[in-house]
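> show me how the following folds:
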Amino acid sequence: MLRFFLFGALVPAMLIVGFATVIGGWAWSVVLILLGALLLLGVYDLLQRRHSLLRNYPLIGHLRYLLEEIRPEIQQYFVERNFDGRPYDREVRSTIYERAKGIHGEQSFGTERDLSAIGSEYLVHSIAPVPEPAEPPRVLVGGPDCTQPYAMSLMNVSAMSFGALSGNAIRALNHGAALGGFAHDTGEGGLTSYHLDGGGDLIWELGSGYFGARTAAGDFDPAQFADKAADDRVKAISLKLSQGAKPGIGGVLPAAKVTAEIAGFRGVPEHVKCVSPPMHSAFSTPREMIEFIARLRELSDGKPVGFKLCVGSRIDVLAFCKAMLAEGITPDFITIDGAEGGTAAAPLEYEDHVGLPLTDGLMTVHNALVGTGLRDRISLGASGKVATASDIVIRLIQGADFTNSARAMMMAVGCIQAMVCHTNKCPVGVATQDPKRSRALDVVDKSIRVQRYQQAVVAQAVGLMATLGVQHPADLTPHMLRKRVSATTVRSYAELYEWLTPGALLAETPAAWREDWNYASADSFRINAPHPAARCVRRRPRPGRS
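Sure thing, here's the model as predicted:
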């Protein structure tokens, strides 16, 4: 241990003395101060009990913590290849930045990806491509009970709250949405002045905390909701059941982060921990949820109302389908969030091991609605790692009508994937409430970048569809997307997955769906009969015993 202390002190000391010898004069005073500081730090390392590494390797052990601190930057900038970074690889990030800056985002010399790898997917181009339409197609969101339908773009800004993002980032996103004519989801943190600042079309998200439309006790306040929903900039209402990053749990904003401004927007006490419950208090069953959606539509004077969820069980999906059939009420849209979503900070266990990926969740909901004869009344949105035109087209093939993007939109306003969103130390002022950091984000410049990025990606998606031989998303089919399933076998999505025909679940339920269909109930989100695999008797502790 002593030799490491001596070595750790000797090397810096020699460098300092050498510096002083060259400079001379006053530099010796600096030398004495630095050597004294090193000596004190080394003694402290030997005596402290918190870090075993520093007790055994005083002074030099600090190098480990320094290298650990800069590891993400070293990995991102010097180690990872163009196509294997996570969550977004360098190719995708570069494409986002270039398109946001008005550069085409092209590359030369062929792909770097292994197209023969098992699991790789590709789109099937037509030998006779069709001309691109003069204007990108839009999706009219609004069912039979909606009196103010909204024409949704193929790509929109996904849910991100003020509090998670800085005020300047929210303003840039909204100004960009206004310039490009696409929608901006507010996130569940409330309808704020930052969202309203640019005049962009808004989807007001209402979570279990009912922020901005809640009573003092935290329950839903219909009067507040109706007043804010009447704003012309609010084009639709989205009821958040769960989100991809952390399905099944609520959120907590620490008391220190509940500033007067955030407290005012959310309708919560200032400097008191702000909690979003995991479950809504306004309803507890699928039937009650559907009735609540009808109430929201009435209070918003007929604007489109839908809900967002990360799918867990197919039984849950079938339960709310049964509730729609029983009540004769349908939402105007459903947004499916994939478990790969991630703008929200979440425990590792939830990010990695809870919820269905977007592909599985989207096709589950699409098939359930088709099978119950409800698909033509409800639009489907897809949210989860949508960044490029191929992401959009693939999701449209899998059953979506439109897509939402969060992290890619953050990159369009300057995010560098520093992965410190939850620390309030975002280096570019996007995911922070620190005014010194957020001031660096220029709203005018970044809003133009958001508009350029969205416009370029949608234009490329329209071009891709024309390459596939179609001009409208409704004409895309599962045959146009194929996946390599072995070294010698490629299958289309039409072959790999079951696609229900309209009303199939109501007639003779397909065998693969029969058990889940029977278990699903319009009166409960819980399975009303045990699954065969769960029928084993498990020993439970007696009350009062550990």
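
> the stretch 251-400 of the chain: helices as residue ranges?
260-266, 286-299, 314-327, 348-353, 358-371, 389-397 (DSSP state H, counting those that start in this stretch).

> any chance of a markdown table for these, columns mean neighbour count, distance to Glu132 and mean pLDDT?
(C-beta placed from N, C-alpha, C; glycine too.) Below are the helices of the stretch 251-400 of the chain laid out as a markdown table (neighbours: other CB atoms under 10 Å; distance: least, CB to CB, whole Å; pLDDT from 0 to 100):
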| stretch | mean neighbour count | distance to Glu132 | mean pLDDT |
| --- | --- | --- | --- |
| helix 260-266 | 17 | 42 | 88 |
| helix 286-299 | 21 | 35 | 97 |
| helix 314-327 | 22 | 35 | 96 |
| helix 348-353 | 12 | 38 | 74 |
| helix 358-371 | 23 | 25 | 96 |
| helix 389-397 | 24 | 12 | 96 |
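
> put together a markdown table for those helices, with distance to Thr467 on each row.
As requested, the helices of the stretch 251-400 of the chain are exported to a markdown table (distance: least, CB to CB, whole Å):
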| stretch | distance to Thr467 |
| --- | --- |
| helix 260-266 | 44 |
| helix 286-299 | 38 |
| helix 314-327 | 33 |
| helix 348-353 | 35 |
| helix 358-371 | 22 |
| helix 389-397 | 9 |
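
> quick one, which of the ones you listed is nearest to Asp523?
helix 286-299 (5.8 Å; CB to CB).

> pLDDT below threshold where in the stretch 351-500 of the chain?
Scanning the stretch 351-500 of the chain for pLDDT under 70 picks out nothing.

> now do the strands in it.
379-383, 402-405, 481-484, 490-492 (DSSP state E, counting those that start in this stretch).

> what residues of the shortest one count as buried?
In terms of neighbour count (16 or more other CB atoms under 10 Å), strand 490-492 has its buried residues at Ser492.

> between the strands of the stretch 351-500 of the chain, which one is closest to Ala389.
That would be strand 402-405 among the strands of the stretch 351-500 of the chain, by CB to CB, at 10.4 Å.

> please name the strands paired to that closest one in the sheet, noting orientation.
When pairing is defined by DSSP bridges, strand 402-405 lines up against strand 155-157 (parallel), strand 379-383 (parallel).

> out of the strands of the stretch 351-500 of the chain, flag the one nearest Leu500.
Short answer: strand 379-383, nearest of the strands of the stretch 351-500 of the chain by CB to CB, at 14.3 Å.

> now do the buried residues in the host helix or strand of Gln224.
In the assignment (DSSP states H and E), Gln224 maps to helix 222-229. Across helix 222-229, burial judged by 16+ other CB under 10 Å covers 225, 228-229.

> identify the bridge partners of Lys483.
Glu121, Arg491.

> let me see the contact set for it.
119-121, 490-493, 496 (CB atoms under 8 Å, 6 or more residues apart in numbering).

> if we go to 7 Å?
119, 121, 490-491, 496 (CB atoms under 7 Å, 6 or more residues apart in numbering).

> JSON lines for the residues you listed, including distance to Gly212?
Formatted as JSON lines, those follow (distance: CB to CB, whole Å):
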{"residue": "Gly119", "distance to Gly212": "43"}
{"residue": "Glu121", "distance to Gly212": "40"}
{"residue": "Val490", "distance to Gly212": "49"}
{"residue": "Arg491", "distance to Gly212": "47"}
{"residue": "Leu496", "distance to Gly212": "43"}
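
> ok, His479 to Ser126 distance?
11 Å (CB to CB, to the nearest Å).

> same deal with Arg99?
For Arg99, the distance to Ser126 - CB to CB - is 25 Å.

> comparing those two, which residue is more hemmed in?
Arg99 (25 against 12; other CB atoms under 10 Å).

> residues of the longest helix belonging to the chain that come out buried?
Identified as the longest helix of the chain according to DSSP state H is helix 443-467. When burial is assessed from 16+ other CB under 10 Å, helix 443-467 yields the following buried residues: 443, 446-458, 460-462, 464-467.

> show me what that helix is packed up against.
If you count contacts as 3 or more CB pairs under 7 Å, 6 or more residues apart in numbering; DSSP states H and E, helix 443-467 packs onto helix 90-100, strand 155-157, helix 167-180, helix 389-397, helix 407-412.

> tell me what whatever helix or strand comes next after the longest one is packed against?
Which is helix 167-180. Following helix 167-180 in sequence order, the next helix or strand is strand 183-185 (DSSP H and E). Judged by 3+ CB pairs under 7 Å, 6+ apart, strand 183-185 is in contact with strand 155-157, helix 167-180, strand 201-206.

> if I look at Gly274, how far off is Ser126?
To be clear, residue 274 is Cys; Gly isn't right here. 52 Å.

> what's the answer for Ser276, then?
In terms of CB to CB, Ser276 sits 47 Å off from Ser126.

> again, but for Gly176
Taking CB to CB, one finds Gly176 at 33 Å from Ser126.

> just Ala326 next, same as before
From Ala326 to Ser126 the distance is 43 Å (CB to CB).

> equivalent analysis for Leu140, please.
Counting by CB to CB, the gap from Leu140 to Ser126 is 26 Å.

> next one: Ile293
Ile293 is 40 Å from Ser126, by CB to CB.

> quick one: residues contacting His104.
His104 touches Glu98, counting by CB under 7 Å, 6+ apart.

> which SSE is it in?
Using DSSP H and E, His104 falls outside every helix and strand.

> now do the one 3 residues further on
Counting by DSSP H and E, no helix or strand carries Gln107.

> quick one: the closest residue to it other than its chain neighbours from Glu98, how far?
Among residues not flanking Gln107 along the chain, Glu91 sits closest, at 7.3 Å (CB to CB, 6 or more residues apart in numbering). Going from Glu91 to Glu98 by CB to CB gives 11 Å.

> what's the closest non-adjacent residue to Ser166?
Per CB to CB, 6+ apart, closest to Ser166 is Ser438, 3.7 Å.

> look up how far Phe265 lies from that neighbour.
16 Å.

> now Trp499
Counting by CB to CB - Trp499 and Phe265 are separated by 43 Å.

> over to Ala117?
47 Å.

> same check on Gly181?
Applying CB to CB to Gly181 and Phe265 gives a distance of 26 Å.

> again with Asp201
19 Å.

> could you do Val317 as well?
In terms of CB to CB, Val317 sits 33 Å off from Phe265.

> same question for Glu351.
27 Å.

> check Asp232 too.
19 Å.

> same thing with Gln451?
25 Å.

> repeat that for Leu348.
Distance from Leu348 to Phe265, by CB to CB: 30 Å.

> same check on Ala217?
For Ala217, the distance to Phe265 - CB to CB - is 18 Å.

> again with Ala183
Taking CB to CB, one finds Ala183 at 20 Å from Phe265.

> hang on, Pro58 packs against Asp45?
Yes. With contact defined as CB atoms under 7 Å, Pro58 counts as touching Asp45 (3.6 Å).
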